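In: Model the following, please.
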Amino acid sequence: MTKDKKQEWLTSKNIFIAILTASILYFAVNSLIDNRFAIVVENTQNELNKQQLLLTSIAETVSRNGADDVVESIVIDCSMAERSEFDRLLGLLNSGLNTSELTELERLFSRCGAFYSERKTIMSSRMNREVDIYETFVNQLSVIQGENLNDKYNLKLWRALAEEEQKQTHLFSKLVNLQERIILTLLEGKAISSPEIATILAEVKEVQENISLANIKASEIRNQIIPI
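Out: Numbering: from 1, shown residues only. Below is the predicted model:
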């Protein structure tokens, strides 16, 4: 082999090696990027699935006006004896209570009256926050995969459910205030059949009907997300 041909062969060989090395590097880098992308997608999907399970648990708890361990440690009910007496007196309210009983009911109301309303308020607020987090994961995965995944993950329905639970929360709070107004009005000497009490009872009826409607709507939405 002449010197020139040898040089030409070495040059061709070097070019081949350079191309081969570049190809290997290209595929290696692409493979690394693909692997990292797949890991990001998998991690995001895992977080999204965990958040979905958490939301499902909260939604089921809120639907039965329950609370998780954290909320139960924050909102403490009155004692069992006080709860029993409060429920008894409240049940007899329309039948007529004497001044002593009304005074006791007012005292117990300050300790027991708002318990369920406050508990539902905190649970509903927590659900709303968890839906916000859920939406963040859905948006993140949508950006990664380059498509809108809102419908796939029922984001609109979750948001609607949270709103209906919040609506019930406000109505329960209003109902508690109306119950207190009835007790205070009776303590002022008004009869259970008085126009003042009749006006409050009309408001109570309206609020109860709205609670029922909101509960039905929430159940319909919940059944679309969490089939029975």
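
In: Next, give phi and psi for residue 66.
Out: phi -90, psi -170 (degrees, to the nearest 10).

In: That one: neighbouring residues, count only.
Out: Residue 66 has 15 neighbouring residues, counting by other C-beta atoms under 10 Å. (Each C-beta comes from the backbone N, C-alpha and C, glycine too.)

In: Repeat that for residue 43.
Out: When neighbours are defined as other C-beta under 10 Å, residue 43 has 10 of them.

In: do the same with residue 151
Out: Residues contacting residue 151 under the criterion other C-beta under 10 Å number 9.

In: contacts for stretch 109-129?
Out: 55, 58-59, 61-62, 65-68, 71-72, 74-75, 77-78, 82-83, 86, 161-162, 165-166, 168-169, 172-173, 175-176, 179-180, 183 (C-beta atoms under 8 Å, 6 or more residues apart in numbering).

In: give me that answer again for 7 Å
Out: For stretch 109-129, contacts defined as C-beta atoms under 7 Å, 6 or more residues apart in numbering pick out 58-59, 61-62, 65, 67, 71, 74-75, 77-78, 82-83, 86, 162, 165-166, 169, 172-173, 176, 179-180, 183.

In: Also stretch 59-77?
Out: Residues from elsewhere that reach stretch 59-77 (C-beta under 7 Å, 6+ apart): 83, 112, 115-116, 118-120, 122-124, 127, 161, 165, 222, 226.

In: which residues of this protein score low on pLDDT?
Out: Along the chain, the model assigns pLDDT under 70 to residues 1-38, 40, 227-228.

In: Which parts of it are helices?
Out: Remark: helices assigned in the chain by DSSP state H are 3-63, 69-74, 80-91, 99-108, 115-145, 155-187, 195-225.

In: Show me what counts as buried in the fourth one.
Out: Yep, that's helix 99-108 we're talking about. 101, 102, 105, 106, 108 (16 or more other C-beta atoms under 10 Å).

In: For residue 41, which non-adjacent residue is closest in space?
Out: Nearest non-adjacent residue to residue 41, counting by C-beta to C-beta, 6 or more residues apart in numbering: residue 144, 5.8 Å away.
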